[in-house]
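> Predicted model, plus sequence, below.
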Amino acid sequence: MRTDENRVKNKIKEIVVQLNPNFDVLSIDDEVYLLKSGIIDSFSFMDLVLELESIFGVEIDFTSSMPDEITTISGLAKRSVRTHQA
């Protein structure tokens with residue numbers, strides 16, 4: 001795993017904690033579905049995406065992504081890094 005991806009994962013976790021203070025970063029696996037698990041709701045997910053786009057200067061394209069591909073910490077980090085490198 002590249003450092004860029006780790007950096008994005010850490011930022012995602014930081015943002016999720018801001019959106020949901022009850023979120024325990026240490027107890028959640030990077031493959032847990034953020035929406036399905038109830039960690040964040042759909043509005044918070046959009047806030048998360050907008051924040052990532054702003055911080056990393058990317059535009060995450062939902063039309064070319066499967067929902068399961070971008071609703072985990074790992075998947076969203078990979079998509080963000082891939083988009084940034086394109």
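Alright, I've got the coordinates. Worth saying up front: this structure is predicted, and the values here are computed from it rather than measured.
> Which residue ranges of this structure form helices?
Remark: helices assigned in the chain by DSSP state H are 3-19, 42-56, 67-70, 73-85.
> Could you identify which of these is most buried?
Stretch with highest mean neighbour count among the helices of the chain: helix 73-85 (a mean of 19; mean count of other Cβ atoms under 10 Å). Every residue, glycine included, has its C-beta placed from N, CA and C.
> picking that back up, quick one: the helices of the chain as JSON lines, columns for distance to Lys36 and mean pLDDT too.
Output for the helices of the chain, formatted as JSON lines (distance: least, Cβ to Cβ, whole Å; pLDDT from 0 to 100):
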{"stretch": "helix 3-19", "distance to Lys36": "14", "mean pLDDT": "90"}
{"stretch": "helix 42-56", "distance to Lys36": "11", "mean pLDDT": "93"}
{"stretch": "helix 67-70", "distance to Lys36": "9", "mean pLDDT": "80"}
{"stretch": "helix 73-85", "distance to Lys36": "12", "mean pLDDT": "80"}
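> Nearest to Glu31, out of those?
With Cβ to Cβ, the closest approach to Glu31 among these belongs to helix 73-85: 5.5 Å.
> How about the contacts made by Ser65?
By Cβ atoms under 8 Å, 6 or more residues apart in numbering, the contact list for Ser65 reads Arg79.
> what's the spacing between it and Arg79?
In this structure, Ser65 and Arg79 are 6 Å apart, going by Cβ to Cβ, to the nearest Å.
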